[in-house]
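Colleague: Just the structure for this:
(one chain, ligands or ions: 2)
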Amino acid sequence: PPPHDPPRIHRLDESVVNRIAAGEVIQRPVSAVKELVENSLDAGSTSINVSVKDGGIKFIQVSDDGHGIRYEDLPILCERHTTSKLSAFEDLQSIKSMGFRGEALASMTYVAHVTVTTITSGQLHGYRVSYRDGVMEHEPRACAAVKGTQIVIENLFYNMIARRKSLTSSADDYPKIVDLLSRFAIHHKNHGASTADVHTVAMSSRLDAIRSVYGVSVARNLIKVEASDANSSSSIFEMDGFISDPNYSAKKTTMVLFINGLYLELYVFSSVLNRRNNKRIRRNNDKGKHTLLFFFLVSFFSCFAERLVDCTALKRAIEIVYAATLPKASKPFIYMSIMLPPDHVDVNVHPTKREVSLLNQEVIIERIQSTIELKLRNFNESSTYQEQQ
Ligand code: ADP
Ligand code: MG
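Modeller: Numbering: from 1, shown residues only. Ligands and ions are numbered 1, 2, ... in the order given. Take a look at the predicted model:
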């Protein structure tokens with residue numbers, strides 16, 4: 001054909017489409033860990049155990065003690081768009097689970113080898129089955145199993161050579177996974193705590209969690225913040241959390257943000273998550289031969305996690321307040337929990353579900369900015385006063 005003829009358009013192979021889509025949902029090992037832990041939380045687990053090898057590229061295992069998966073559902077478990085969490089579009093408004101797209105497990109099978117072991121309550125034995133490209137590789141095999149589900153992801157991106165190379169040659173995902181699990185672990189709050197006393201206890205234990213995850217130097221320099229906007233009809237929100245005071249110094253902003261949902265209480269069960277250990281393990285892991293264990297104990301009092309999310313606009317807005325209020329502006333540490341009516345949160349923005357947008361976002365952000373500004377100014381004044389004495 002002459003060179004100026006337009007190229008023919010053809011339909012992509014389904015397997016190509018699926019692999020491209022999968023690579024977007026599972027961008028790196030840490031995305032797989034996030035999806036698996038969220039599934040475990042959605043399954044009502046009280047204990048979740050995460051192991052990774054080589055920053056997750058070689059091996060990721062997440063075991064939980066949740067409700068398990070029915071035998072009858074195993075054949076479609078890893079097909080795209082199969083889920084137990086959503087049936088009608090309208091359900092999205094009131095969704096309490098962290099997943100709902102039915103894409104995570106499917107995606108993993110298009111870019112890795114996935115093996116599921118699961119047992120539901122009252123059964124004498126469990127089942128184990130491996131998946132490839134959305135389908136079972138064989139009939140489920142009966143096996144011994146303890147309560148819940150164990151999912152193993154092996155050889156991530158084995159069929160995406162470039163991605164695999166870039167991930168193994170750059171710094172691996174181990175620190176990202178630690179950070180992710182820390183964010184899950186830090187957020188624990190007493191569900192239904194209404195009296196002042198209980199509230200204080202819940203707050204101080206949250207401070208403990210921050211201390212054990214981010215270290216004393218962070219926990220020592222925090223100010224408690226609270227804001228709400230319950231009377232204006234346009235926006236109803238409640239915010240509480242901790243922000244770093246002017247004595248804190250860091251080159252990068254740390255923001256742990258939770259929005260809505262029921263409460264989760266995750267306790268750091270082992271000391272693996274304390275700073276010193278992190279460093280040690282990180283070094284070992286650099287040599288590329290370490291398997292790690294994290295244990296989380298989810299409190300029995302509550303059953304769901306709040307969504308752990310990103311809201312870039314809010315983060316920027318807070319950074320601006322710090323830069324404007326503090327002369328030697330350090331980047332802030334922010335732990336924040338925001339409660340809003342569920343239909344004011346759009347979780348549908350992106351398939352990885354991390355970035356959210358909020359209804360009346362500007363109003364909320366302004367209110368949070370002014371609260372933080374006031375806190376920082378007050379802190380400056382009171383410490384000047386102390387210095388003079
Ligand atoms: P989603 O979480 O969006 O529903 P996933 O692909 O992550 O989609 O999971 C598909 C389905 O598999 C879930 O809806 C759930 O029913 C089931 N599932 C996945 N992981 C677990 C688990 N750890 N325990 C129990 N069920 C699970
Ligand atoms: Mg999921």
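Colleague: And stretch 313-331, what's buried?
Modeller: Residues of stretch 313-331 classed as buried under the neighbour-count rule (16 or more other Cβ atoms under 10 Å) are 314-315, 317-319, 321-322, 325-326, 330-331. The way it works is simple: take the backbone N, C-alpha and C, and place the C-beta from them, glycine included.
Colleague: ok, now stretch 132-144?
Modeller: Residues of stretch 132-144 classed as buried under the neighbour-count rule (16+ other Cβ under 10 Å) are 133-134, 136, 140.
Colleague: do the same with stretch 71-82
Modeller: Neighbour-count burial for stretch 71-82 [16+ other Cβ under 10 Å]: 71, 74, 77-78, 80, 82.
Colleague: which of these sit farthest apart?
Modeller: Farthest pair in these (Cβ to Cβ) is 71 and 80. Separation: 21.0 Å.
Colleague: Nearest residue to residue 112 in space, please, no chain neighbours.
Modeller: residue 156 (4.5 Å; Cβ to Cβ, 6 or more residues apart in numbering).
Colleague: tell me, which helix in this structure spans the most residues?
Modeller: Taking DSSP state H as the assignment, the helix of the chain that covers the most residues is helix 361-388.
Colleague: Summarise which helices and strands that helix is packed against.
Modeller: With contacts taken as 3 or more Cβ pairs under 8 Å, 6 or more residues apart in numbering; DSSP states H and E, helix 361-388 sits against strand 222-228, strand 238-244, helix 312-325.
Colleague: Which stretches in the stretch 1-150 of the chain count as strands?
Modeller: With strands called from DSSP state E, counting those that start in this stretch, the stretch 1-150 of the chain shows them at 47-53, 59-64, 113-119, 126-132, 135-136, 141-143, 148-154.
Colleague: As CSV, the ones you listed with distance to ligand 2 and mean pLDDT would be great.
Modeller: Shown next, in CSV, are those (distance: least, Cβ to the ion, whole Å; pLDDT from 0 to 100):
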stretch, distance to ligand 2, mean pLDDT
strand 47-53, 14, 80
strand 59-64, 11, 90
strand 113-119, 13, 98
strand 126-132, 15, 97
strand 135-136, 19, 96
strand 141-143, 23, 96
strand 148-154, 11, 96
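Colleague: out of the ones you listed, nearest to residue 255?
Modeller: Comparing the strands of the stretch 1-150 of the chain against residue 255 with Cβ to Cβ, the closest turns out to be strand 47-53 (22.3 Å).
Colleague: Show the backbone phi and psi for the closest residue to ligand 2 within the chain.
Modeller: Closest approach between the chain and ligand 2, counting by Cβ to the ion: residue 99, at 2.6 Å. According to degrees, to the nearest 10, the main-chain angles of residue 99 amount to phi -100, psi 170.
Colleague: list the contacts for it?
Modeller: Applying Cβ atoms under 8 Å, 6 or more residues apart in numbering to residue 99 gives the contacts 35, 38-39, 42, 83, 85, 353.
Colleague: repeat for residue 217
Modeller: When contacts are counted by Cβ under 8 Å, 6+ apart, residue 217 touches residue 248.
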